[in-house]
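**Q** Here is a sequence with its predicted model. Questions after.
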Amino acid sequence: MSENWMSTSIKRLAGKDLDILVEKELQEMLQEGYDLSPISAKVVHLRLLEKQIINGGLSTLSTPYRKNLIAEYKDKQLYEANLTEEAKRQLSSNRSLEGYKRRYQEKCDEVTALEAIVQNNIAALVEIVIAVESRTPLKIENILAPTLLTDLDIQTETKLHKKNLEVVTIKKS
């Protein structure tokens, strides 16, 4: 098989030549990962059509060897994707829409949990900043990274304002 197969006129590929190109496509999809290129016979077929490697129907990939090859790479990809066992089961049984929805929900839940952690960390930093500024002559702006300062500024000002109100309220009593 010629290495420069795309520049030659399109001819019908079959047999071992096609098997090699199918496996090459599966390797690319495996590298791209589950989130970008989930492996299925239909997706492999569409990618091969788009690259003009094949011009036949989905049945082109239905030989026992190619079916097993696609299944093997799909299993590898699912293993590397760190999916839950339930999501793997759903995807393996061709109920992939449910699997995608579940994966999407898992990622949304993960993002929500991480955002909560970030907010807790920022709140803790604000408390530290207030304590350091009120008890030492250190200038926090000289110590913290500029990106942290922008996140902390608004919350620190709000908390300092609240603390000042509490101090004023206590003094008035």
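**A** Nice, I can see it. Numbering: from 1, shown residues only.
**Q** Could you tell me how many residues sit around residue 125?
**A** Using other Cβ atoms under 10 Å, residue 125 has 17 neighbouring residues. Placement of C-beta: from N, CA and C, glycine included.
**Q** Pull out the buried residues from the helix or strand containing residue 78.
**A** Using DSSP states H and E, residue 78 falls within helix 64-80. Using 16 or more other Cβ atoms under 10 Å as the burial criterion, the residues of helix 64-80 that qualify are 66, 69, 70, 73, 74, 77, 78.
**Q** Check those against residue 102 and report the nearest one.
**A** Closest approach to residue 102 among the buried residues of helix 64-80 (Cβ to Cβ): residue 78, at 13.1 Å.
**Q** export stretch 17-35 as CSV, just CAs?
**A** The C-alpha trace of stretch 17-35 is given here as CSV (Å, rounded to 0.1, in the frame of the first residue of the first chain):
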residue,chain,number,x,y,z
ASP,A,17,-5.1,-2.5,3.5
LEU,A,18,-8.5,-1.4,4.8
ASP,A,19,-8.0,-3.2,8.1
ILE,A,20,-4.7,-1.2,8.6
LEU,A,21,-6.5,2.1,7.9
VAL,A,22,-9.4,1.2,10.2
GLU,A,23,-7.0,0.4,13.0
LYS,A,24,-5.1,3.6,12.3
GLU,A,25,-8.3,5.6,12.7
LEU,A,26,-9.2,3.7,15.9
GLN,A,27,-5.7,4.6,17.3
GLU,A,28,-6.4,8.3,16.5
MET,A,29,-9.8,8.1,18.2
LEU,A,30,-8.2,6.4,21.2
GLN,A,31,-5.7,9.2,21.5
GLU,A,32,-8.3,11.9,21.2
GLY,A,33,-10.2,10.3,24.1
TYR,A,34,-13.8,9.3,24.9
ASP,A,35,-15.0,12.9,25.3
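**Q** Adjust the sequence numbering to begin at 765 for everything that follows.
**A** In the new numbering, first residue 765, that becomes stretch 781-799.
**Q** quick one: buried residues of it?
**A** 782, 785, 786, 787, 789, 790, 793, 794, 798.
**Q** Sounds good, over and out.
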